[in-house]
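Peer 1: Please find the sequence and the predicted model below.
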Amino acid sequence: MSRPTPQTLDPLGGLTARYFLLATCVVAAVIAALMLWANRGDIAYGGLQAAALIVFTGALIQLIIAADPRYFPFGPVRHALIFATLVVAAALDAASRPDGIAQAGNWAPVCIAVILFLSGSFRPYDEVLVVAFVVASLVGVITYAHLGALAPATAAEQVTRAVTPILAIGAGTAGFSRVLVARVSRWQREQQLVPPSDLVAAVEVQRVRQDFVDYRVGPFLESILEAGTLTPVDAARARGLAAGLRQQMVRDAARTWLSDAVDRFEGDRTVVDALTADQRRALGAIIAELRADDSLIENSMAAVATIGPPSTLELSAALNTSGLRAAAYRAVLGSAFARARVDVVPNAVTIVAQLER
């Protein structure tokens, strides 16, 4: 089982962080542009600087894609690849300037520190620490290699200026990630005490059966005891009650908690029975959110379970408008299901969740 991360524990938080990520990418790009403009006289090799900017842009694009709910989760390979690309941009940025004090105008170390701040919303704290240390070490080596004949004190100052923001922000980001994972994990453990949806459905089935016995079968038997005789009408009524009870028991035996959550359920109930607690929780959250939406058309929610491989659950509903946030639905489902697709058209939404890969 993969280790928990802030994004996998709180997919909606990861979705919110994505908008912060987009804004931060813009901030990093602006910082790079301002520093480059302020130190434009230090550029000795324009082609290398252009290459640095292209590589930096590629890293930002990778980052934006990695945070997209369609590519959930933001994995360690993407994380490492993004910062490896940023280190390449830092190397090209340093190589585009003459050796010596001109290296003080490098924009790449500052932008790397800014982008590293985003890792805390997606990756575990120890991975953030490792990435920060490795990237800071490489940036320090790159900076030192281009300092030329500067005095040792000046060279140490330049290297410290390049690596300190990366290490400081990396430590702070790791702390944020650790606290977030600990708090969300504690909340989830507390939620385990809440009865699951299938147990609630079972209690409701038991209540309906009890009402049938208490208010129909019981009074009928008491009336026979009081009368002391059994008429043909009573016999016909007894047969009707017995048939009704049998039908109810057969219907309840084939019923799942999902049948009570949607208006129509079709397909193989074993697919629903095979759902994990996390999958039931995610699906239940989606259904509850749809039920609360004012645009939902009454009695239009349907679920279809198809046995695999791969087994899938399809949820559909009719809407008056198309104002649903598909990304939020996709983020929640992506945390529990192998694959999830959310299609929103003007008057309907269709959600397809795949149980296994």
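Peer 2: Sure, I can see it. The model shown is predicted, which means the values in this text are computed figures rather than measured ones.

Peer 1: My reading is that Ser316 lies in a strand. Confirm?
Peer 2: Yes: counting by DSSP: H, G, I helix; E, B strand; the rest coil, Ser316 is part of a strand.

Peer 1: Let's test this: name the helix or strand in the chain with the lowest mean pLDDT.
Peer 2: helix 197-212 (a mean of 54; mean pLDDT, DSSP states H and E).

Peer 1: hmm, who's touching stretch 337-352?
Peer 2: 279, 282, 286, 290, 310, 312-322, 324, 326, 329-330, 333-334, 353-357 (C-beta atoms under 8 Å, 6 or more residues apart in numbering). C-beta here means a position set from N, CA and C on the backbone, and glycine is covered the same way.

Peer 1: Helices of the chain, start to end?
Peer 2: Remark: helices assigned in the chain by DSSP state H are 6-9, 11-38, 46-66, 76-95, 108-116, 125-145, 152-191, 197-212, 218-227, 232-253, 257-261, 269-273, 277-292, 326-334.

Peer 1: Nearest to Val304 among the ones you listed would be which one?
Peer 2: Closest approach to Val304 among these is made by helix 269-273 (9.5 Å; C-beta to C-beta).

Peer 1: Just the CA trace of that closest one, in PDB.
Peer 2: Provided in PDB are the C-alpha atoms of helix 269-273 (Å, rounded to 0.1, in the frame of the first residue of the first chain):
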ATOM      1  CA  ARG A 269     -24.700  -6.300  -6.200                       C
ATOM      2  CA  THR A 270     -21.400  -8.200  -5.600                       C
ATOM      3  CA  VAL A 271     -19.700  -5.200  -7.100                       C
ATOM      4  CA  VAL A 272     -21.100  -3.000  -4.400                       C
ATOM      5  CA  ASP A 273     -20.300  -5.600  -1.700                       C
END
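
Peer 1: other SSEs contacting that helix?
Peer 2: The contact analysis (3 or more C-beta pairs under 8 Å, 6 or more residues apart in numbering; DSSP states H and E) places helix 269-273 against strand 302-306, strand 312-318.

Peer 1: List the buried residues of it.
Peer 2: 269, 271-272 (16 or more other C-beta atoms under 10 Å).

Peer 1: average pLDDT across it?
Peer 2: Mean pLDDT, helix 269-273: 79.

Peer 1: hang on, the earlier thing: check the helices of the chain for me: which has the lowest mean pLDDT.
Peer 2: Among these, helix 197-212 carries the lowest mean pLDDT, at a mean of 54.

Peer 1: Output the helices of the chain in CSV, with distance to Val349 appended to each entry.
Peer 2: As requested, these are exported to CSV (distance: least, C-beta to C-beta, whole Å):
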stretch, distance to Val349
helix 6-9, 24
helix 11-38, 17
helix 46-66, 24
helix 76-95, 29
helix 108-116, 34
helix 125-145, 35
helix 152-191, 26
helix 197-212, 21
helix 218-227, 45
helix 232-253, 29
helix 257-261, 16
helix 269-273, 20
helix 277-292, 7
helix 326-334, 8
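
Peer 1: So which of those is nearest Ile101?
Peer 2: Each of the helices of the chain has some distance to Ile101 by C-beta to C-beta; the shortest is helix 152-191, at 7.4 Å.

Peer 1: How far does that closest one sit from its chain's centre?
Peer 2: 22 Å (C-alpha atoms, centre = their mean, to the nearest Å).

Peer 1: Report how many residues lie close to Ala90.
Peer 2: Using other C-beta atoms under 10 Å, Ala90 has 25 other residues around it.

Peer 1: Now for it: which residues touch it?
Peer 2: Counting by C-beta under 8 Å, 6+ apart, Ala90 touches 52, 106, 108-109, 112, 138-139, 142.

Peer 1: On the pLDDT front, check Asn106 for me.
Peer 2: Listed pLDDT for Asn106 reads 90.

Peer 1: From what I see, it and Arg97 are in contact.
Peer 2: Yes: taking contacts as C-beta atoms under 8 Å, Asn106 lies within contact range of Arg97: 7.1 Å.

Peer 1: Between those two, which has more neighbouring residues?
Peer 2: Each of Asn106 and Arg97 has its neighbours counted (other C-beta under 10 Å); Asn106 has more, 26 against 21.

Peer 1: Once you drop chain neighbours, what's closest to the more buried one?
Peer 2: With C-beta to C-beta, 6 or more residues apart in numbering as the criterion, Asn106 has its nearest non-adjacent residue at 5.3 Å, and that residue is Asp93.

Peer 1: That neighbour touches Gln49, doesn't it?
Peer 2: Yes: under the contact definition of C-beta under 8 Å, Asp93 touches Gln49, with a separation of 6.8 Å.

Peer 1: and the two? which has more neighbours close in?
Peer 2: The neighbour count for Asp93 versus Gln49, taken as other C-beta under 10 Å, is higher for Asp93 (29 against 20).

Peer 1: List the residues that contact the more buried one.
Peer 2: 48-49, 52, 106-108.

Peer 1: give me that answer again for 6 Å
Peer 2: Contact analysis of Asp93 by C-beta atoms under 6 Å, 6 or more residues apart in numbering lists 52, 106, 108.
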